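sharing a model prediction with you, sequence too.
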Amino acid sequence: MIVQLVSANSLNGAIRHCYELTVALARQKVPVLLVHKPGAWIARNPFPANVQFLETSFQRTPFELSRIARELRTRGVELIHSHLSSANFFGVLLSRFYGFRSVATCHMTHFQPHWWWNDRVICPSQATATFQRFVNLVPSRRIDVIHYPLNQQRFLPTTDPATVRRSLAVPEDKFLIGVVGEVSHRKAPHILLEALPTLIRAGHKPHVFFAGRVAGDYQQFFMERIRTLNLESAVSTLGLRQDVPDLVNAADCVCLSSTREVTPMALLEAMSLGKPTVATHVGGVAECIRDGVDGFLVKANQPAELAHRLNILAGDPALRRQMGQNAISQIENSFSVNAVIPQILKCYADALGSKRKVA
């Protein structure tokens, strides 16, 4: 049995990845135990019947560690796969003190020395692997670069684009730009806002929707930028939504103006629906988008460059369609469940076969 150890309560890209991975493994008849916080978003979703559940606070106390270790041994667990910081550290302690083999996926790039103690570290991009080698000193021989798997059948629209646009009060003649994910300093949506006046002056009619939670420490700044740039009628801030596939499918393109990323799931999901993307060349983004083929890459914090690329897409529907088709091929060849899950299973086998002595 394999444990998926995940420590976040709410939804983000890492949690979406963990959910899709758990479902994909279970469908391949791999027994999975999902260890999560009480009330976590991930545990409230449908899973195949062979997925089991276990709650923990992730408090790193002898009592909680020994309680979880006993549960894992009772259920025949061989390996722990952890996601996010608290889970990663908790998993390392279970590995070191109770003898379980450990795999951890790096969803963010932080200096955290405990990464060194994992049997295997999965990095969703070469850029992330470089960070782990040179900052957290994880040996190359223990790093696997494996893309996030995307289940295309689980990210499908159910409402036609015209209906979605009507619900947003966005006419068909407007160039609809989609942004999915937390609205925060790291995601830097204000860079996109600063690019919009250039599109308007070029004669296009841009409209942007932001589907995601607005971070509390960013909200005032974000709303002030909208007002200062006179973009109130060109922006829809939607908050968390359950109909993200429908929203993305209605967009003409998807934009990501982040200053820091690993491998953004929202980008992959947009590509799976045949949407051209314009995104900043940060982290592993360049390993998703082939510049000029299925989207455009731009430098971070460069609204003029971002505006230039969006202008090209706004004025060329045929290019948008071609890039969208190329994006679908990229997902199928490099990010589909069929392409990625065998690599993860091999990583698990390598961890279980490592020579480290166990307690």
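Great, that's in hand.

show me where this structure has strands.
Secondary structure of the chain (DSSP state E): strands at 2-6, 32-36, 51-55, 79-83, 101-105, 120-123, 143-145, 175-180, 206-211, 235-237, 253-256, 277-280, 295-298.

show me what the fifth one is packed against.
Here strand 101-105 touches strand 79-83, helix 85-98, strand 120-123, helix 337-352, going by 3 or more Cβ pairs under 8 Å, 6 or more residues apart in numbering; DSSP states H and E. (Glycine included, C-beta is placed from N, CA and C.)

Phe175 is nearest to which of these?
For Phe175, the closest of the helices and strands packed on strand 101-105 is helix 337-352, at 32.4 Å, according to Cβ to Cβ.

now for that closest one, which elements pack on it?
Helices and strands touching helix 337-352, by 3+ Cβ pairs under 8 Å, 6+ apart, are helix 13-27, strand 79-83, strand 101-105, strand 120-123, strand 143-145.

for those, which one sits closest to Pro161?
Comparing these under Cβ to Cβ, the one sitting nearest is helix 13-27, at 22.8 Å.

just how off-centre is the closest one within its chain?
11 Å (Cα atoms, centre = their mean, to the nearest Å).

now swap in stretch 93-106 and tell me
Chain-centre distance of stretch 93-106: 23 Å, with Cα atoms, centre = their mean.

now swap in stretch 287-301 and tell me
Distance, stretch centre to chain centre, for stretch 287-301: 17 Å (Cα atoms, centre = their mean).

check stretch 144-154 too.
Stretch 144-154 has its C-alpha centroid displaced from the chain centroid by 10 Å (Cα atoms, centre = their mean).

returning to that earlier point: so can I have TSV of the strands of the chain showing mean neighbour count and distance to Pro197?
Formatted as TSV, these follow (neighbours: other Cβ atoms under 10 Å; distance: least, Cβ to Cβ, whole Å):
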stretch	mean neighbour count	distance to Pro197
strand 2-6	26	41
strand 32-36	23	44
strand 51-55	16	49
strand 79-83	26	40
strand 101-105	26	40
strand 120-123	26	38
strand 143-145	19	40
strand 175-180	24	14
strand 206-211	22	9
strand 235-237	18	12
strand 253-256	26	15
strand 277-280	26	16
strand 295-298	24	17
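
which stretch in the helices and strands packed on helix 337-352 has the least confidence?
Mean pLDDT is lowest for helix 13-27 among those, at a mean of 91.

returning to what we had before: now render the helices and strands packed on helix 337-352 as TSV, adding distance to Glu332.
Listed next are the helices and strands packed on helix 337-352 as TSV, based on distance: least, Cβ to Cβ, whole Å:
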stretch	distance to Glu332
helix 13-27	15
strand 79-83	25
strand 101-105	22
strand 120-123	21
strand 143-145	19
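
out of these, which is closest to Ser272?
Nearest of these (Cβ to Cβ): helix 13-27, 11.7 Å.

summarise which helices and strands that closest one is packed against.
When contacts are defined as 3+ Cβ pairs under 8 Å, 6+ apart, helix 13-27 packs onto strand 2-6, strand 32-36, strand 51-55, strand 79-83, helix 265-272, helix 337-352.

could you check the angle helix 337-352 makes with the longest helix along the chain?
Ranked by residue count and defined by DSSP state H, the top helix of the chain is helix 317-334. Counting by axes from the mean of the first three to the mean of the last three Cα atoms, to 10 degrees, helix 317-334 lies at 30 degrees to helix 337-352.

so what secondary structure elements neighbour helix 317-334?
helix 265-272, helix 303-314.

again, only this time at 7 Å
Counting by 3 or more Cβ pairs under 7 Å, 6 or more residues apart in numbering; DSSP states H and E, the packing neighbours recorded for helix 317-334 are helix 265-272.

for the helix it packs on, what does the pLDDT average out to?
Per-residue scores along helix 265-272 average to 94.

show me how far it is from its chain's centre.
Distance of helix 265-272 from its chain centroid, counting by Cα atoms, centre = their mean, is 9 Å.

quick one: contacts of it?
Outside helix 265-272, the residues that touch it by Cβ atoms under 7 Å, 6 or more residues apart in numbering are 13, 16-17, 148, 150, 152, 155, 178, 180-181, 248, 254, 256, 277, 279, 285, 288, 294, 327-328, 330-331, 335.

how about stretch 122-140, which residues are buried there?
Applying a neighbour-count criterion of 16 or more other Cβ atoms under 10 Å, the buried positions in stretch 122-140 are Ile122, Cys123, Pro124, Ser125, Ala127, Thr128, Ala129, Phe131, Gln132, Arg133, Asn136, Val138.

looking at the longest helix of the chain now, give me its mean pLDDT.
If you average the pLDDT over helix 317-334, you get 97.

that'll do, ta.
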